[in-house]
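Participant: Sequence below, structure please.
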Amino acid sequence: MGDMWSIEERAGAAGMLHASWPATETHPSQRAIAVCRVTGPAVVLGSTQAEGVVDSRRAGAQGIEVVRRRSGGGAVLVMPGDPVWVDAWVPRGDPLWNDDVGRAFDWLGDAWTTALEAVGCEGMSAHRGGYAACTRWSSLVCFGGVGTGEVVTSDGRKVVGVSQRRTRNGAWFHSACVLEWDATELLGVLDLPDAERTSARLGLADAVAGVVDLVGTSDGGVIDGPTMVAALVEALPS
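Facilitator: Numbering: from 1, shown residues only. The predicted structure follows:
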């Protein structure tokens, strides 16, 4: 459970949150969870994406920061409340450590699956079959494809995306759980022809599902970030 973990909240610009995580440097042998909240909207590019995939004029006009993470995958739009952004740190040699990069996500995907089921999402599972480009925008938009450890509905819609980077001391995992899915704002700042932007919006609408989209409300209120974080902490392996 969560008592085996150091848990903290981090708030700031997306670039700062991705650049460093002090706790992993000062206490690298301690498992850790960071609940991250951005103070402003940002498009986060994968480590190998060209900056030109974003239309800087459009992003600037909407006050959206463009940053890069050191892990792979496509672009993600992060907002102060959605998606629910949780980082995890696993030291080398820890029982959760896996030398196989492709299987290193297993425990995290399972924890998110349990958390989602706890708030009422049915039929969830962590993908185990390697990367699947389930839409033709998978190389551009993170949620356009599904990788090992990422959590999907029974009909294959992605709910949680994960990525990782490794250092000599351990593995730093990023995970993003969608509450309400709408690709319009992200696609609006990408450098795409209008017709392609429309096609992508329609295609991605069927490829992703948010928690609120799936279960609506909980105890009379909309499921929010703190609800999902509490469920995930409860689901963490000991």
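Participant: burial measure for residue 15, as a count.
Facilitator: Residue 15 has 15 neighbouring residues, counting by other CB atoms under 10 Å. Any C-beta I mention is one placed from the backbone N, CA and C, and that applies to glycine too.
Participant: List the contacts of it.
Facilitator: Neighbouring residues of residue 15 by CB atoms under 8 Å, 6 or more residues apart in numbering: 42, 65, 67.
Participant: Output the lowest mean pLDDT helix or strand found in this structure.
Facilitator: strand 217-218 (a mean of 53; mean pLDDT, DSSP states H and E).
Participant: Now do the buried residues in stretch 65-83.
Facilitator: Buried residues in stretch 65-83, defined by neighbour count with 16 or more other CB atoms under 10 Å: 65-69, 71, 73-79, 82-83.
Participant: Of all pairs in the residues you listed, which one spans the longest distance?
Facilitator: Pairwise distances across these peak at 20.8 Å for 68 and 82 (criterion: CB to CB).
Participant: Just the endpoints, please. Distance across stretch 88-99?
Facilitator: End-to-end distance of stretch 88-99 (CA to CA, to the nearest Å): 17 Å.
Participant: from the chain's centre, how far out does that stretch sit?
Facilitator: Centroid separation for stretch 88-99 versus its chain: 19 Å, with CA atoms, centre = their mean, to the nearest Å.
Participant: So that it lines up with my notes, have the first residue be 17 from now on.
Facilitator: Will do, 17 is the new start, and the previous item becomes stretch 104-115.
Participant: what sits up against that stretch?
Facilitator: With CB under 8 Å, 6+ apart as the test, stretch 104-115 has contacts from 37, 39-40, 44-50, 120, 122-124, 184-189, 191, 253.
Participant: just to revisit the earlier point, export the contacts of residue 31 to a markdown table and tack on secondary structure and pLDDT?
Facilitator: Output for the contacts of residue 31, formatted as a markdown table (DSSP: H, G, I helix; E, B strand; the rest coil; pLDDT from 0 to 100):
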| residue | secondary structure | pLDDT |
| --- | --- | --- |
| 58 | strand | 96 |
| 81 | strand | 94 |
| 83 | strand | 94 |
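Participant: Among the residues you listed, which one sits closest to residue 71?
Facilitator: Nearest member of these to residue 71, counting by CB to CB, is residue 81, at 13.9 Å.
Participant: What residues does that closest one make contact with?
Facilitator: Listed by CB under 8 Å, 6+ apart, the contact partners of residue 81 are 29-31, 56-59, 75.
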